[in-house]
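Q: structure, please.
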Amino acid sequence: MGNKGNDSRIDYVEFNVADIAASKAFYGGAFGWTFTDYGPEYCEFQDGRLTGGFTTTGPVGSGGPLVIIYADDLEQAQARVDKAGGKIVKPIFSFPGGRRFHFADPDGYELAVWSAR
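A: Residues are numbered from 1 along each chain as shown. So this is what the prediction gives:
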């Protein structure tokens, strides 16, 4: 197979949120993400590898695909999520290939953080 570049790879994740400032505070505090505002209803985030957005233009809801974030130090990541106001919904557990935990953000979205260590 040749180099496909970015074709068919996850490129962007968008969350409908109730409060953009609160979402920025949570994800900035827990993971160090940076943000670019595009008006009062939209904010783009950058995690250093992937970009996505927060918008208030749609209904907030839980469910959908599970977005998984990588962490070199899983315990430290869980502590940052706790400190930023996230709710741990599945504490750290092992699976083939590593360990992970699941959390809910302030709007109820469930995400996971994993590590190979």
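
Q: any idea how many residues pack against D82?
A: For D82, the neighbour count with other CB atoms under 10 Å is 13. Glycine gets a C-beta too; all of them are placed from N, C-alpha and C.

Q: ok, it touching I88?
A: Yes. Contact criterion CB atoms under 8 Å: D82 and I88 qualify, at 6.8 Å.

Q: what mean pLDDT does the strand ranked longest in the chain get?
A: Scanning the chain for the longest strand, with DSSP state E as the assignment, gives strand 87-95. Averaging pLDDT along strand 87-95 yields 96.

Q: which other helices and strands contact it?
A: Other elements packing on strand 87-95 under the criterion 3 or more CB pairs under 8 Å, 6 or more residues apart in numbering; DSSP states H and E are helix 74-84, strand 98-104.

Q: now Y38: closest residue in space, sequence neighbours ignored.
A: Excluding its sequence neighbours, the residue lying closest to Y38 (CB to CB, 6 or more residues apart in numbering) is E44, at 6.5 Å.

Q: does the one you found belong to a helix, a strand or coil?
A: Of the three states, E44 takes strand under DSSP: H, G, I helix; E, B strand; the rest coil.

Q: could you point out where this protein is predicted with low confidence?
A: Counting by pLDDT under 70, the chain has low-confidence residues at 1-8.

Q: surely S115 touches R99?
A: Yes. Taking contacts as CB under 8 Å, S115 lies within contact range of R99: 5.8 Å.

Q: quick check: neighbours shared by these two?
A: Shared contacts of S115 and R99, defined by CB atoms under 8 Å, 6 or more residues apart in numbering, are found at L74.
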